[in-house]
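Q: Need a 3D model of the following:
(chains A and B)
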Number of protein chains: 2
Amino acid sequence: MEPLSLPALRRVAVCGGTHGNEMTGIYLVQEMQRKQRENGDNTWPAYVKTVLSNPKAVKECRRYIERDLNRCFTSAILSSSITETTPYEVQRAHELNAILGPKGSSEAFDLVCDLHNTTANMGVTVIAYTTKDYITMHIFKYLQAKISSVPVRLLMLDIPIPDAYSLESVGKHGFALEIGPQPNGVVRADVFNVMKEALLLALDWVQLFNSGSKMEGGQVEVFSFQKSVDYPRDPETRQITSAIHPQLQDKDFCLLQAGDPLFLSFSGETTTYQEREPLYPIFINECAYYEKGVAFQLVCKRTVNIPPVQIQKD
Amino acid sequence: MEPLSLPALRRVAVCGGTHGNEMTGIYLVQEMQRKQRENGDNTWPAYVKTVLSNPKAVKECRRYIERDLNRCFTSAILSSSITETTPYEVQRAHELNAILGPKGSSEAFDLVCDLHNTTANMGVTVIAYTTKDYITMHIFKYLQAKISSVPVRLLMLDIPIPDAYSLESVGKHGFALEIGPQPNGVVRADVFNVMKEALLLALDWVQLFNSGSKMEGGQVEVFSFQKSVDYPRDPETRQITSAIHPQLQDKDFCLLQAGDPLFLSFSGETTTYQEREPLYPIFINECAYYEKGVAFQLVCKRTVNIPPVQIQKD
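A: Model (predicted):
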């Protein structure tokens, strides 16, 4: 099969601290910045810009100050006008769009990789908006082939780019690298090392691609978002009345069948899975999703074919 | 041996949410309050008052708003005067001292149990200020004998009560129940169930004691605080430059010998344990201790004898 010709990836952005209490990306970006100060920009195979996305939230070790920054990159929000009362994160999204975008334009960075971690047992999850972003699909395939210490999976959101709300949607290509489990506000060396490995492999792939290698296509397994499930709550106070069931906790990407336990109430009753269709639960007991009304999400699995790719000849 | 006579435990306080992002105590106290609304105060063997200690911080799911509440119960802070600029948590400490104390007085609650959780792998840890608090020592001994799912240990701070800074020091007897590992802002059913079991066992013990049973004494293993160890930090920025080493992570209460790995720097170098004396590490990688400059604490192990106790005859 003839490889698809794609332009070189001349400018790559690596972002951490988009959520100010997800420490792995923060410490990894700071470590990369330290190395760039020591060794100059030639440390990396392409021009790699490192960005600490939400410095105020990082300083306070909170997810965000006024609004979740990683929900602020829709075309609608990025084209809104800024006033004195605009929330800090919306202002910061405009700044980041000016630095790494503008989103959807020819001046945007070629590739944006945003580093996240989660309290859920998600291993390494590459999150993308479309299976047509073949650069991201190929990088995922490369990570999955090379990383053996934890599972590597691809989560597809299937949202049109103008509605895509997260930072990586500002680049021509982009993905979030979501790694867990790790508590917020904490760095674990094992999780840090996996993220460092994954990021260096992604940059390896960029170097291989930029140097003219033909990257083989093939089948890729994709998990597609279906819906979110909230915690059982008290109808009056809206307080949650159950925790994730011990048999579901940490079982991200393990197929749920009708009758499987989902929740254990604080007084001891079990709630079970009632869907007819077996689906895969993900982001089980993710800390930041309590406020979003999400106990876990459900995804289905499918397989897509991606073409071989090669750098466009000038 | 003749049992030591001690007054009945007529008023017991169970507190959660002293740190507003430690969810187990918060949900357990809310569940107890729901049961008390349904069944009245006779739900429990003594008069049990349930307290949500820091409601503002609970609402924001943060450890504290202005100051760590659980460092505000020294006699000095409790006798300070309150003005308009007094931090919220100092004001709240005065309120709690009025409700559960006053600290050191004959009107204070007989027993205060404060529920905490930690990101460290601490199992069930009973924290006390003195081995002479025989009520706490006996309750610990009872929990250790009855709980089989996770290790149960006693941490002794050896601080005089006037300088004791945490909420349970307001009671005539008191202890903190520290359970982990659990991320902040998250409730795990396994951790919740262990805390519920431990608390119900503690209330069982109170009932046995109050009903006149002679409680046998014996040897108790105690871990005593020695010192804190900070993360390696950049001398200029004060940013941490290393994570807890993977071989130390989750190894709370496992004896450290000279040469054992402590830290792994973000660029890959290992730092080792250099003390001559083998000591036990605890609170390894506790989230809230980053800001306090504590990567872990070191404790030593000793054995103390406690006398049998029995309720004082009227």
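
Q: For whichever residue of chain A sits closest to chain B, give me its contacts.
A: Closest residue of chain A to chain B, CB to the nearest CB: A:Pro183 (3.3 Å). Quick note: C-beta positions are derived from backbone N, CA and C, even for glycine. A:Pro183 makes contacts with A:Thr119, A:Cys287, B:Thr119, B:Pro181, B:Pro183, B:Asn184, B:Val186, B:Cys287, as judged by CB atoms under 8 Å, 6 or more residues apart in numbering or on different chains.

Q: For A:Gly212, state which of those is nearest.
A: Closest to A:Gly212 out of these is A:Thr119 (41.6 Å), distances taken as CB to CB.

Q: mind listing the strands for the stretch 51-200 of chain A?
A: A:111-117, A:123-128, A:152-156, A:173-180 (DSSP state E, counting those that start in this stretch).

Q: now for the helix ranked longest in chain A, which elements pack on it?
A: Looking across chain A with DSSP state H, the single longest helix is helix A:189-210. When contacts are defined as 3 or more CB pairs under 8 Å, 6 or more residues apart in numbering or on different chains; DSSP states H and E, helix A:189-210 sits against strand A:11-16, helix A:23-39, strand A:111-117, strand A:123-128, helix A:134-146, strand A:173-180, strand A:309-311, strand B:242-244.

Q: Tell me which of the ones you listed sits nearest to B:Ser106.
A: strand B:242-244 (45.2 Å).

Q: partners of the next helix or strand after that closest one, with directions?
A: Later in the chain than strand B:242-244, the nearest helix or strand by DSSP states H and E is strand B:261-265. For strand B:261-265, the paired strands and their directions (DSSP bridges) read strand B:242-244 (antiparallel), strand B:270-272 (antiparallel).

Q: correct me, but A:Gln249 touches B:Phe192?
A: No - taking contacts as CB atoms under 8 Å, A:Gln249 lies outside contact range of B:Phe192: 10.9 Å.

Q: Among the two, which residue is more densely surrounded?
A: It is B:Phe192, of A:Gln249 and B:Phe192, that has more neighbours when counted by other CB atoms under 10 Å in any protein chain shown, with 24 against 19.

Q: Leaving out chain neighbours, which residue sits closest to A:Val294?
A: Taking CB to CB, 6 or more residues apart in numbering or on different chains, and ignoring the residues beside it in sequence, A:Val294 has A:Ser228 as its nearest neighbour in space, at 4.5 Å.

Q: What about the spatially closest residue to A:Gln91 that is not a sequence neighbour, how many residues nearby?
A: Leaving aside its chain neighbours, A:Gln91 sits nearest to A:Ile82 (5.8 Å; criterion: CB to CB, 6+ apart). Residues near A:Ile82, counting by other CB under 10 Å, number 11.

Q: OK, contacts around A:Ile82?
A: Applying CB under 8 Å, 6+ apart, the residues near A:Ile82 are A:Val90, A:Gln91, A:His94.

Q: Next, count neighbours for A:Gln310.
A: Counted by other CB under 10 Å, the residues lying close to A:Gln310 total 16.

Q: now do A:Ser106
A: Neighbours of A:Ser106 (other CB under 10 Å): 6.

Q: Over to A:Arg10?
A: A:Arg10 has 12 nearby residues by other CB under 10 Å.

Q: who does A:Gln219 bridge with?
A: A:Asn305.

Q: quick one on the thing from earlier: buried sites along the strand or helix carrying the residue nearest to A:Val294?
A: Per DSSP H and E, A:Ser228 falls inside strand A:218-229. For strand A:218-229, a neighbour-count test (16 or more other CB atoms under 10 Å in any protein chain shown) marks A:Val220, A:Val222, A:Phe223, A:Ser224, A:Phe225, A:Val229 as buried.

Q: Stretch A:3-13 too?
A: A:Leu6, A:Leu9, A:Arg11, A:Val12, A:Ala13.

Q: from memory the first one sits against A:Pro307, does it?
A: No - shown here, A:Leu6 and A:Pro307 do not form a contact pair, counting by CB under 8 Å, at 10.0 Å.

Q: Mind listing the shared neighbours of these two?
A: Residues touching both A:Leu6 and A:Pro307 (CB under 8 Å, 6+ apart): A:Tyr134.

Q: how near is A:Arg71 to A:His19?
A: Relative to A:His19, A:Arg71 is positioned 11 Å away (CB to CB, to the nearest Å).

Q: returning to what we had before: please put the alpha-carbon coordinates of the longest helix of chain A into PDB.
A: Taking Å, rounded to 0.1, in the frame of the first residue of the first chain, the C-alpha atoms of helix A:189-210 are listed here in PDB:
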ATOM      1  CA  ALA A 189       8.200   7.300  40.600                       C
ATOM      2  CA  ASP A 190       6.600   4.400  38.800                       C
ATOM      3  CA  VAL A 191       4.000   6.600  37.100                       C
ATOM      4  CA  PHE A 192       6.500   9.300  36.400                       C
ATOM      5  CA  ASN A 193       8.900   6.800  34.700                       C
ATOM      6  CA  VAL A 194       6.100   5.400  32.500                       C
ATOM      7  CA  MET A 195       5.100   8.900  31.400                       C
ATOM      8  CA  LYS A 196       8.700   9.800  30.700                       C
ATOM      9  CA  GLU A 197       9.100   6.600  28.700                       C
ATOM     10  CA  ALA A 198       5.900   7.300  26.700                       C
ATOM     11  CA  LEU A 199       6.800  10.800  25.900                       C
ATOM     12  CA  LEU A 200      10.400   9.900  24.800                       C
ATOM     13  CA  LEU A 201       8.900   7.200  22.600                       C
ATOM     14  CA  ALA A 202       6.500   9.700  21.100                       C
ATOM     15  CA  LEU A 203       9.400  12.100  20.300                       C
ATOM     16  CA  ASP A 204      11.300   9.100  18.900                       C
ATOM     17  CA  TRP A 205       8.500   8.400  16.500                       C
ATOM     18  CA  VAL A 206       8.500  12.100  15.400                       C
ATOM     19  CA  GLN A 207      12.200  11.800  14.700                       C
ATOM     20  CA  LEU A 208      11.700   8.600  12.700                       C
ATOM     21  CA  PHE A 209       8.900  10.200  10.700                       C
ATOM     22  CA  ASN A 210      10.700  13.500  10.100                       C
END
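
Q: thinking again about what came up before, quick one: closest of the helices and strands packed on helix A:189-210 to B:Ile139.
A: Checking the helices and strands packed on helix A:189-210 against B:Ile139 by CB to CB gives strand B:242-244 as the closest, at 31.2 Å.

Q: Report the distance from the closest one to the chain centre.
A: Strand B:242-244 sits 25 Å away from the centroid of its parent chain (CA atoms, centre = their mean, to the nearest Å).

Q: Per-residue pLDDT of the residue nearest to A:Ser224 when sequence neighbours are not counted, please?
A: Excluding the flanking residues, the one nearest A:Ser224 by CB to CB, 6+ apart is A:Met156, at 4.9 Å. A:Met156 carries a pLDDT value of 96.
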